[in-house]
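Student: When you get a sec, could you give me coordinates for this:
(one chain, ligands or ions: 1)
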Amino acid sequence: MQSVIDINDLTVSEIDELLATAHDMIEHPQTYAHAAAGKILATLFYEPSTRTRLSFEAAMYGLGGQVLSVPSASHSSASKGETISDTLSVISNYADIVAMRHPHDGAALVASNAASRPVINAGDGGHFHPTQTLADLLTIERSFGRLEGLTIVAVGDLLYGRTVHSLLHAMMRYPNNTFIMVSPHELKLPADFLAHVRSQGVDIRETTSLADALPQADVVYMTRVQQERFANRDDYERLKGAYVLTAGMMENASPDCIVMHPLPRVGEISSEVDSDPRARYFEQTYNGKMMRMALIHHLLQAADTNQEREQREEFVHSIPAETAVCPNSRCITHFERDIVPRLYPDTQQCVYCDYIAPNL
Ligand code: CP
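Tutor: Sure thing, here's the model as predicted:
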């Protein structure tokens, strides 16, 4: 059964197909108004959300389907200690497709392994947020007519910011894109992730200066410092205002660039930028609904026709449970009973959170 946990679960041709479907849905919404009639989407959100949850639900209604919703962990039996695996086994009896958000890295993969229905990762901790990336790709494509040959300047919390991680994974698969990563030293892209991107021959640079990077940008991708991922409140307070994009700064940006933000913003973009025609962050939220419509449609069609996609890489290297500890304290292996930490044999990365675990 196909699930989408990581943007890399979709091939470039599948992403291109979803983009084409979303364009068609924008042009001809009535064609799809009953495409999911009789189908049910379950939205299972164990972490706060406005855009992702509501756009998934709006997308399902736009396809003529119906929605069941668990709005928080405290509204579900997770609060009594039920595992993700048991929860997904149950929900598979009630819904045809599931969108799930969870605070822990790897939770969506655990869910997809237990579910007999397609699971869409709506954000797992600081790990991945593939449908935000689909929204971002549609926004970039509608602005430039292409997804290649662009300079993307990503700004803010690049350590915990799952939207940047997923966007990088996607845009590095299109040719001739350049990435400039702007962050405080403490919030740099994880070193193993940066090394992986570089190992693919991708042009990626790091700086702490937004002023230096801004004039080079086709896409300015602002992000929020992720308060909920910090162990230390003082560190968050010190770093939260590191970058604020203002109308004055935009005078030094290209007239043809676009400004994006996955939202919510908490001060990273001054509201005076909202009237700049280069601001695309509210259009991004509309594009999110359209790409989620396209994805739900695609996955339900595949499920109905029993199309099996290539399975994710089988993990064959199992570590004895009594000695295995993933070094990422946010990894689902620290929280879910009956989950044995495992490594991909070739990369030595944790299967669930992708952190390289040299001490396992
Ligand atoms: N962009 C995003 O994921 O927003 P929400 O947290 O409101 O869903």
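Student: could you pull out the strands for this structure?
Tutor: Listed in chain order, the strands of the chain (DSSP state E) span 40-45, 66-70, 97-102, 119-124, 151-155, 178-182, 203-207, 219-222, 258-260, 317-318, 342-343.
Student: which ones are touching residue 298?
Tutor: Going by C-beta atoms under 8 Å, 6 or more residues apart in numbering, residue 298 touches 14, 17, 18, 21. To be clear about C-beta, it is placed using only N, CA and C from the backbone, and glycine gets the same treatment.
Student: And residue 21, how far from residue 147?
Tutor: Look at residue 21 and residue 147: by C-beta to C-beta, to the nearest Å, they are 16 Å apart.
Student: ok so, going back, highest neighbour count among the contacts of residue 298?
Tutor: residue 18 (22 neighbours; other C-beta atoms under 10 Å).
Student: Disregarding residues adjacent in the polypeptide, which is nearest to the residue of the stretch 151-300 of the chain found nearest the ligand?
Tutor: Across the stretch 151-300 of the chain, no residue is closer to the ligand than residue 262, which sits at 3.8 Å (C-beta to the nearest ligand atom). Once flanking residues are discounted, residue 262 sits nearest to residue 163: 4.3 Å by C-beta to C-beta, 6 or more residues apart in numbering.
Student: where does the one you found land on pLDDT?
Tutor: pLDDT recorded at residue 163 is 91.
Student: Just give me the neighbour total for it.
Tutor: Residue 163: 25 neighbours (other C-beta under 10 Å).
Student: so who does it touch?
Tutor: 129, 132, 133, 136, 223, 262.
Student: quick one: contacts for the residue of the stretch 151-300 of the chain closest to the ligand?
Tutor: Counted by C-beta under 8 Å, 6+ apart, residue 262 has contacts 51, 129, 132, 135, 136, 163, 223, 224, 281, 284.
Student: re earlier: check the contacts of residue 298 against the ligand and report the nearest one.
Tutor: residue 18 (17.9 Å).
Student: Read off the pLDDT value for the closest residue to the closest one other than its chain neighbours.
Tutor: Using C-beta to C-beta, 6+ apart and skipping residues adjacent in sequence, the residue nearest residue 18 is residue 294, 4.6 Å away. pLDDT for residue 294: 98.
Student: tally of neighbours for residue 294?
Tutor: 25.
Student: Residue 25 now?
Tutor: Neighbours around residue 25, by other C-beta under 10 Å: 23.
Student: Tell me the residues of the stretch 251-360 of the chain that contact the ligand?
Tutor: 262, 263, 264 (C-beta under 6 Å from any ligand atom).
Student: Please give the number of neighbouring residues around the spatially closest residue to residue 274 that is not a sequence neighbour.
Tutor: Spatially, and ignoring its direct neighbours in sequence, residue 274 is nearest to residue 282 (7.8 Å; C-beta to C-beta, 6+ apart). Using other C-beta under 10 Å, residue 282 is surrounded by 11 other residues.
Student: pLDDT score assigned to residue 282?
Tutor: We note a pLDDT of 97 for residue 282 in this prediction.
Student: Tell me who's in contact with the one residue in the stretch 101-250 of the chain that gets nearest to the ligand.
Tutor: The nearest approach of the stretch 101-250 of the chain to the ligand comes at residue 132, 5.3 Å away (C-beta to the nearest ligand atom). Counting by C-beta under 8 Å, 6+ apart, residue 132 touches 52, 123, 162, 163, 166, 167, 262, 288.
Student: make it 10 Å
Tutor: Residues near residue 132 by C-beta atoms under 10 Å, 6 or more residues apart in numbering: 7, 51-52, 55, 122-123, 162-164, 166-167, 262-263, 284, 288, 291-292.
Student: Then residue 7?
Tutor: 15, 121, 128-134, 136-137, 165-171, 173.
Student: what's the burial count for residue 182?
Tutor: 28.
Student: That one - nearest residue in space that isn't next to it in sequence?
Tutor: residue 155 (4.4 Å).
Student: Which parts of the stretch 201-350 of the chain are helices?
Tutor: Applying DSSP state H, counting those that start in this stretch to the stretch 201-350 of the chain gives helices spanning 210-213, 233-239, 247-250, 281-304.
Student: and the ones you listed, which is most packed in?
Tutor: Of all the helices of the stretch 201-350 of the chain, helix 281-304 carries the top mean neighbour count, a mean of 21, counting by mean count of other C-beta atoms under 10 Å.
Student: That helix vs strand 40-45, what angle?
Tutor: 130 degrees (axes from the mean of the first three to the mean of the last three C-alpha atoms, to 10 degrees).
Student: thought residue 157 was touching residue 224?
Tutor: Yes. Counting by C-beta atoms under 10 Å, residue 157 touches residue 224, with 6.6 Å between them.
Student: so which residue of the stretch 51-200 of the chain comes closest to the ligand?
Tutor: Closest point on the stretch 51-200 of the chain to the ligand, by C-beta to the nearest ligand atom, is residue 52, at 3.2 Å.
Student: out of everything not next to it in sequence, what's closest to that residue?
Tutor: residue 122 (4.9 Å).
Student: Just give the number of residues close to the one you found.
Tutor: By other C-beta under 10 Å, neighbour count at residue 122 equals 28.
Student: just the residues of the stretch 1-150 of the chain that are near the ligand, which are they?
Tutor: Counting by C-beta under 6 Å from any ligand atom, the stretch 1-150 of the chain sits next to the ligand at 49, 50, 51, 52, 123, 132.
Student: Now do the end-to-end distance for stretch 145-159.
Tutor: Using C-alpha to C-alpha, to the nearest Å, the span of stretch 145-159 from its first residue to its last is 30 Å.
Student: wait, I meant stretch 68-79
Tutor: Terminal-residue distance, stretch 68-79 (C-alpha to C-alpha): 19 Å.
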